[in-house]
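K.L.:
just coords:
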Ligand code: ADP
């Protein structure tokens, strides 16, 4: 280090403690970065890389005043920034100015509005893995002060699911935490990882953990607090007492299912628009917006709590005027939660506090409207509202209504708030009026009408006389101070005396106003917990009014709950599709499920509305359990403990998994975790693999759910062959989405009907997709032949590649799958050709021959050989019809059914 300048040495010493962050090193009006930081920052921020010390030290920098934008950009990319300031006055410094890191900004510790979404929480999470493989998780949103903890007793996957559910931006772990687990966590989402070893209990944060019994959770939360203290280096007075929750208090919807149902973002764009959250969000405060998102992520299981919400929504729906009044009042309420955070951090200005005052002025009105609603839960909420009147009075008394942005220029504090300030102001005002009267007096005395008194920063107050009037000025009384082109400026001892008084008063005023403002801000700090409780009620009211508004606008109905697990939805709709497509066009559908029909097997053409139907049932359940009315004329639902979905075929490219693998993982999640009280939606399972494979898996999955889980399941499939399962398994029922053919064109009716679909309309859909007409016509000819062949057992005149092509178009199968399938189709045409020459071996016979060929006779005992022969003979004797391929489907394929229970 010795060869570097003292300043660079200082930089390196500080940087050594902040290896994982960009060190923004304050140099005058710039934050500079050096060495690797500079190279990387220049790249990430697209700023010019320079160097110092003869090119030895790469360097780049950003101006102090525009630093927040650059910091936001780095944070958004998942980096951390350590802000290093000059902590002594450069003028009085001996040698290198003393510098210290004053704060580390990271994705999980954002406080300023720039990088924060108004209606989203920003969570930091600390994780501790214990020896018994339980995981303590502690979450904190530094911007609102909200803290919570939970203990995961399942697997790391379960902990990951929880971390994803909260959209955590940064996690804090022990340095020895498993790298493999971290890797798994970061597979799907960018999450910044930070390390903190300390887990000892911090005395000053004792009050926050009073409600936590378990030592494991105390340790986990302490890790988080240690990290915050170490990086934020300032008051954390706004941190709220930690809430303990258990993940099974809420409906569980795993990450895949949340995505598939598009609860808070859409699959395609990953944006809010088009999601359930987007549809529902009629909240008018930022706090309400954040709570709405939390509620959607966490549907309730406790019927009483759900009904409390539903009843409030009903009350607000029937009382239109009160609701509108409430909405208007809520609109005036500022983000109290984040404001409280900034008060604690010491970065609010007078304008923020005026906003706070205005917010508080609306609280009595809100309380009054809510108590007027008359409902017991409304009364309970109204009673809990804390108006924080003393705070409102303090702000009203102390602060002017239109203060400047800066808190260092005065003009903030009202007259009458502070005696000393009033006296200074009087002095300043009196001085000024004395000067005004002096002007009059001097004019009369000298007879110069144009004489005037002015002020500038260099000379202070002066008397100005035009050159033509100079002769009228008495000699010796006026001291010349400045000469202008056509005037002279003078001062008098009397004028200077007054000026000193005025200027001193003004200086005192600015300083005193600043001190008084800081004092008021300190006083506001004491109200933080009360403001936070108030914020909770305000946000709840906001979400409830939002539910009422949307329910009324979209004609939703209050759901009720059945203890026997039955579903009875009349005229249900998909909330988002209905909104997007104009409600007149949306075809409502019923859904009836009970113990005799716990699995609905849904068939119907592509694009007819199968997945829309399945999703609408799930979304109806979610809406009901978050306490909102539902898009149906009537809905009776069980309270579902979990929802699992496998819908859509989006490749999970980020984590490098194929469609089929994702499909299987999601199915595994469902069948291993679902209980009888869960809801499973499986859409077109098995279509990502070859036909037999897919069909076999689909059937086995249905059987498994039927036999081992018994929960309500919606299963859509294009394998018509599966519909025979209805005859064999007690609780399976076929339904289909109807379509009709008009003038050779398919018309989707989007109506769910009992029974299985009659055909698949693949070619019609291909036609709708505007495939070339010759191709469509050719497909029709091939299909026609295939069908005739099926009926009459006639020979085929179709080339194998064409069959594959038709099949691919009809089922929109990816090319790889087509290629994979070509083999089996080829087998088929080969069989057709060989028929003319000699009797063809059935697939079964070929299979037996292959197995015989594969036998290692020398390794077998006589008994094993005998058993094998017996097995093969039995297999050959068993009757079954060989498969015949028609129109992309395999008719005559009879599933191997379980015996009837
Ligand atoms: P499938 O799963 O059968 O392929 P989707 O559920 O994806 O079909 O539906 C295809 C399209 O049909 C939807 O995007 C929507 O525009 C329309 N649709 C679905 N259900 C309805 C309905 N009930 N009423 C009107 N249009 C619908």
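P.N.:
Arrived safely. Just so it is clear, the model here is predicted, and its values are computed rather than measured. Numbering: from 1, shown residues only.

K.L.:
which ones are touching the residue nearest to residue 242 when sequence neighbours are not counted?
P.N.:
In this structure, residue 242 finds its nearest non-sequential neighbour in residue 147, 4.4 Å apart by C-beta to C-beta, 6 or more residues apart in numbering. In this view, the C-beta of every residue, glycine as well, is placed from N, C-alpha and C. Going by C-beta atoms under 8 Å, 6 or more residues apart in numbering, residue 147 touches 138, 139, 140, 208, 221, 224, 239, 240, 241, 242, 243.

K.L.:
how about a cut-off of 10 Å?
P.N.:
124, 138-141, 205, 208-209, 221, 224-225, 239-243 (C-beta atoms under 10 Å, 6 or more residues apart in numbering).

K.L.:
walk me through which strands the one helix or strand it maps to pairs with, and which way each runs.
P.N.:
In the assignment (DSSP states H and E), residue 147 maps to strand 146-152. Strand 146-152 has its sheet partners listed here by DSSP bridges as strand 135-141 (antiparallel), strand 243-244 (parallel).

K.L.:
could the ones you listed go into TSV alongside mean neighbour count?
P.N.:
Below are the strands paired with strand 146-152 laid out as TSV (neighbours: other C-beta atoms under 10 Å):
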stretch	mean neighbour count
strand 135-141	25
strand 243-244	14
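
K.L.:
who wins for proximity to the ligand among those?
P.N.:
Closest to the ligand of those is strand 135-141 (C-beta to the nearest ligand atom; 35.8 Å).

K.L.:
quick one: the nearest residue to residue 610 once chain neighbours are set aside from the ligand, how far?
P.N.:
In space, and not counting its chain neighbours, residue 610 is closest to residue 716: 3.9 Å by C-beta to C-beta, 6+ apart. Residue 716 is 6 Å from the ligand, where distance means C-beta to the nearest ligand atom, to the nearest Å.

K.L.:
so what's residue 716 up against?
P.N.:
600-604, 608-611, 613-614, 647, 681-685, 735-737.

K.L.:
quick one: which of these sit in strands?
P.N.:
600, 601, 602, 603, 681, 682, 683, 735, 736, 737 (DSSP state E).

K.L.:
filter those down to the ones near the ligand?
P.N.:
For the ligand, no contacts are drawn from the ones in strands among the contacts of residue 716 by C-beta under 6 Å from any ligand atom.

K.L.:
all strands of the stretch 551-700 of the chain, in order?
P.N.:
560-561, 567-572, 589-593, 599-603, 634-637, 642-646, 679-683 (DSSP state E, counting those that start in this stretch).

K.L.:
is residue 74 in contact with residue 31, as I believe?
P.N.:
No: using C-beta atoms under 10 Å, residue 74 is not in contact with residue 31; the gap is 11.5 Å.

K.L.:
who's more crowded, those two?
P.N.:
Neighbours per residue (other C-beta atoms under 10 Å) separate residue 74 from residue 31, with residue 31 holding more: 25 against 22.

K.L.:
and that one, how far from the ligand?
P.N.:
On the measure of C-beta to the nearest ligand atom, residue 31 and the ligand end up 50 Å apart.

K.L.:
quick check: mean pLDDT across stretch 492-508?
P.N.:
For stretch 492-508, mean pLDDT is 88.

K.L.:
work out the gap between that stretch and the centre of the chain.
P.N.:
59 Å (C-alpha atoms, centre = their mean, to the nearest Å).

K.L.:
domain boundaries for this structure, per the record?
P.N.:
For the chain, automatic domain parsing gives the domain ranges 6-105, 120-249, 281-388+527-553, 419-495, 560-768, 809-876.

K.L.:
these: lowest mean pLDDT?
P.N.:
domain 809-876 (a mean of 62).

K.L.:
chain center to stretch 559-569, what's the gap?
P.N.:
In terms of C-alpha atoms, centre = their mean, the centre of stretch 559-569 is found 30 Å from the chain centre.

K.L.:
try stretch 110-118
P.N.:
For stretch 110-118, the distance to the chain centre is 14 Å (C-alpha atoms, centre = their mean).

K.L.:
go through it and flag the buried ones.
P.N.:
Buried residues in stretch 110-118, defined by neighbour count with 16 or more other C-beta atoms under 10 Å: 110, 111, 115, 116.

K.L.:
farthest-apart pair in those residues, please.
P.N.:
For the buried residues of stretch 110-118, the farthest-apart pair by C-beta to C-beta is 111 and 115; their separation is 9.0 Å.

K.L.:
one step back: any chance of the buried residues of stretch 110-118 in TSV, with distance to residue 260 and pLDDT too?
P.N.:
TSV is the format used below for the buried residues of stretch 110-118 (distance: C-beta to C-beta, whole Å; pLDDT from 0 to 100):
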residue	distance to residue 260	pLDDT
110	30	89
111	34	83
115	29	74
116	28	85
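
K.L.:
can you give me the distance of residue 31 to residue 94?
P.N.:
To residue 94, residue 31 is 24 Å away according to C-beta to C-beta, to the nearest Å.

K.L.:
tell me which residue is most central in the protein.
P.N.:
residue 167 (5.8 Å; C-alpha atoms, centre = their mean).

K.L.:
secondary structure element for residue 851, which one?
P.N.:
Per DSSP H and E: helix 843-854 holds residue 851.

K.L.:
can you name the residues of this structure sitting close to the ligand?
P.N.:
577, 581, 585-587, 589, 604, 606-612, 750.

K.L.:
so which of these is the most crowded?
P.N.:
residue 604 (29 neighbours).

K.L.:
for that one, give me its contacts.
P.N.:
Residue 604 touches 610, 613, 716-718, 735-739, 748-753, 756-761, counting by C-beta under 10 Å, 6+ apart.

K.L.:
so the residue of the stretch 251-400 of the chain found nearest the ligand, which of the three states?
P.N.:
At 11.5 Å from the ligand, residue 274 is the closest residue in the stretch 251-400 of the chain, using C-beta to the nearest ligand atom. Look at residue 274: counting by DSSP: H, G, I helix; E, B strand; the rest coil, its state is coil.

K.L.:
quick check: the gap between it and residue 576.
P.N.:
6 Å.

K.L.:
compare those two (neighbour count), which wins?
P.N.:
residue 576 (23 against 18).

K.L.:
and that one, how far is that from the ligand?
P.N.:
Distance from residue 576 to the ligand, by C-beta to the nearest ligand atom: 10 Å.

K.L.:
just to check, that residue is in contact with residue 550?
P.N.:
No: counting by C-beta under 10 Å, residue 576 sits too far from residue 550 to count as a contact (11.8 Å).

K.L.:
any common contacting residues for these two?
P.N.:
With C-beta under 10 Å, 6+ apart as the test, residue 576 and residue 550 both reach 279, 280, 631.
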